[in-house]
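[1] model this:
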Amino acid sequence: QVHLVESGGGLVQAGGSLRLSCNASIRTFGTYAMGWFRQAPGRHREFLAVINYNAGNTFYADSVKHRFTISRDGASTVYLQMDSLKPDDTAVYYCTADETFSNVVTLVHLYVGQGTQVTVSS
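    Coordinates of the predicted model:
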């Protein structure tokens, strides 16, 4: 059974930073691509970032490139460092996992967490 548990969300002022964490209970964590997407009320899911199984490759949505950074450790955790936050970044943020990099990008991932709320005040 795979579980993804996000943490680190909260309320922050515009221009501030937050670091999200996702702890993955995946026996073969080192073979999975990991990613993040978000969903704001009344809006579609939006892919944000993906990192491949060995952290050798990352890819970002244009909307967060140069502001967000995805990383992972060798054990079970993936991170999303979010800087220069804007009110438009307010959403529920979800961690995802799939053995295929492109599946994470196209939001057809195998596994998803329960989400963590990020609210950016103006």
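
[2] could you pull out the strands for the chain?
    When assigned using DSSP state E, the strands of the chain occupy the ranges 4-7, 10-13, 18-24, 33-39, 46-51, 58-60, 68-72, 77-82, 91-98, 111-112, 116-121.

[3] Partner strands of the longest one, with direction?
    Pointing back at strand 91-98 there. Each strand that strand 91-98 pairs with, and the sense of that pairing, follows from DSSP bridges: strand 33-39 (antiparallel), strand 111-112 (antiparallel), strand 116-121 (antiparallel).

[4] most packed of those strands?
    Of all the strands paired with strand 91-98, strand 33-39 carries the top mean neighbour count, a mean of 25, counting by mean count of other CB atoms under 10 Å. Backbone N, C-alpha and C define where each C-beta goes, glycine included.

[5] Now tell me what touches it from outside.
    Contact partners of strand 33-39, identified using CB atoms under 8 Å, 6 or more residues apart in numbering, comprise 20, 22, 24, 45-53, 70, 72, 78, 80, 89, 91-101, 103-105, 107, 109, 115, 118.

[6] Just the CA atoms of that strand, as CSV, please.
    What follows is strand 33-39, C-alpha atoms only, in CSV (Å, rounded to 0.1, in the frame of the first residue of the first chain):
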residue,chain,number,x,y,z
ALA,A,33,9.3,10.0,-10.4
MET,A,34,7.7,12.4,-7.9
GLY,A,35,5.8,15.6,-8.5
TRP,A,36,3.5,18.3,-7.3
PHE,A,37,0.3,19.8,-8.7
ARG,A,38,-2.2,22.2,-7.2
GLN,A,39,-5.9,23.0,-7.5
